[in-house]
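Asks: Generate a structure from the sequence data that follows.
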Amino acid sequence: MIEIDDAYGLPCEFVGRLRAVFGERAEEVLRTFGETRRPGAWANPLRSDDADPLVLMAEVGVEGRRCEWLPEAATIESADKSKVTESAIAADGRLYVQNLSSMLAPLVLDPQPGETVLDLAAAPGGKTLHLAARMRLEGELAAVEPVRDRFFKLRQNLERCGAGEFVRTFTHDGRDVGRKTPERFDAVLLDAPCSSEARFDPQHPGTFAYWGPRKLAESARKQKALLRSALDATRPGGRVLYCTCSFAPEENELVVAHTLRRLAGVVEIEPIDLSIGDSQMAGLTAWQGKRLPDVIAETVRIVPDDRLAGFYLAMLRKID
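Replies: The predicted structure follows:
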């Protein structure tokens, strides 16, 4: 039986862990779980030569606020979300609704036209679509999703949004990809399956009904295997962006530290440069009495607010 914190409607243990992770910013973070976040939307250049999110939103009578660090994205009022998602501009793929935090991953990985790129846990396909657009449909982009229903959702989204013919999709277990395609890719995105702590909702206890130490340990084992596979699939000199929507250090900094230790001399951390102000903080270099390599501070935690969901990003480069 999970004990619930009366003030926040979240598991007491989870609340305590967030206080340990965020320190003096913890109450600020905890309050976001009871607030409505502004949905984000991205103007898809694969479906429009002059893609401007504010112009597209105006077509359906919605006023948006442009994202200052990603001009092709904007946020809307939560009450207006259905006006966008149920509109023609969403149905034909011109506008893709997605939280701004998710848009950070393709921005940071920054795939270039002509590169060979892999999205290792791709469904439902929003980030894959961003990758394809950044590559201008030039080069090679593969997307892997092992769960059958999610795989078909991935395919549908890519086809609807203009990347269906460009992206090669596979239903393999991502943990086997590195063995099957060693040193194949210039860049790999691994938005790893996780405990989804950033999506916990006090109004819907089912979102955290199965959360606990066992779930975190189970997720971390899978994440370590996926990250190793991603790095095995990456050519020397190539890069892997590891990210999750979890706050748990066991799924974030500890996974990266484990990988650095196992692949010492093969992999290094590359700093991530974002322009999102106070919405970010450095990765933790200590957790529950365990000291982590100082370089883990070069990874990034996204601090949730009224626009951004909690997120973690780490860039690893394979030494040439």
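Asks: Next, the contact list for Arg136, please.
Replies: Arg136 sits next to Pro113 when contact means C-beta atoms under 8 Å, 6 or more residues apart in numbering. (C-beta placed from N, C-alpha, C; glycine too.)
Asks: how far away is it from Glu159?
Replies: Distance, Arg136 to Glu159, by C-beta to C-beta, to the nearest Å: 18 Å.
Asks: Over to Ser196?
Replies: 26 Å.
Asks: try Leu137
Replies: Leu137 is 14 Å from Glu159, by C-beta to C-beta.
Asks: With Phe170 instead?
Replies: 16 Å.
Asks: higher neighbour count, the two?
Replies: The neighbour comparison of Phe170 against Glu159 (other C-beta atoms under 10 Å) goes to Phe170, with 17 against 14.
Asks: for this protein, which helix is longest?
Replies: If you go by DSSP state H, the chain has its longest helix at helix 213-232.
Asks: Contacts only, for Leu120.
Replies: 144, 174, 177, 188-190, 226, 229-230, 233.
Asks: how does it look with 10 Å?
Replies: 142-145, 172, 174-175, 177-178, 185, 188-192, 226-227, 229-230, 233, 240, 242 (C-beta atoms under 10 Å, 6 or more residues apart in numbering).
Asks: Give me the neighbour count for Arg38.
Replies: Count around Arg38 with other C-beta under 10 Å applied: 21.
Asks: Now that it has come up, it's in contact with Lys81, right?
Replies: Yes: assessed by C-beta atoms under 10 Å, Arg38 is found in contact with Lys81 at 9.2 Å.
Asks: still on that earlier bit, in strands only, show me the contacts of Leu120.
Replies: 142-144, 185, 188-191, 240, 242 (DSSP state E).
Asks: Which parts of the protein are helices?
Replies: Going by DSSP H, the chain shows helices at 12-22, 26-31, 53-59, 81-85, 88-91, 100-109, 126-134, 148-160, 177-180, 213-232, 253-262.
Asks: can you tell me which residues contact the closest residue to Asn157 other than its chain neighbours?
Replies: Excluding the flanking residues, the one nearest Asn157 by C-beta to C-beta, 6 or more residues apart in numbering is Gly125, at 3.8 Å. Residues counted as contacts of Gly125 (C-beta under 10 Å, 6+ apart) are 96, 119, 131-132, 143, 145, 150-151, 153-161, 163-164, 167, 169.
Asks: Gly126 against Gly93, yeah?
Replies: No: between Gly126 and Gly93 there is no contact under C-beta under 10 Å: 11.3 Å.
Asks: So for these two, which residues contact both of them?
Replies: 157-158, 161.
Asks: So for Gly126 and Gly93, which sits in the more crowded spot?
Replies: Gly126 (23 against 19).
Asks: PyMOL command for the buried members of the contacts of Gly125?
Replies: Here is the PyMOL command that picks out the buried ones among the contacts of Gly125, judged by 16 or more other C-beta atoms under 10 Å:
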select buried, resi 96+119+131+132+143+145+150+151+154+155+157+158+160+161+163+167+169
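Asks: rewinding a little: minimum distance to Arg307: which of the helices of the chain has it?
Replies: For the helices of the chain, the distance to Arg307 is smallest for helix 100-109, at 5.5 Å, taking C-beta to C-beta.
Asks: and that closest one, what does it pack onto?
Replies: strand 40-43, strand 70-75, strand 116-119, helix 126-134, strand 185-191, strand 234-244, strand 300-302, strand 311-318 (3 or more C-beta pairs under 10 Å, 6 or more residues apart in numbering; DSSP states H and E).
Asks: Determine how far the second one lies from the middle of the whole chain.
Replies: Right, strand 70-75. Its chain's average C-alpha position is 17 Å from that of strand 70-75, according to C-alpha atoms, centre = their mean, to the nearest Å.
Asks: likewise the fifth one?
Replies: A distance of 12 Å separates the C-alpha centroid of strand 185-191 from that of its chain, computed with C-alpha atoms, centre = their mean.
Asks: All set now, cheers.
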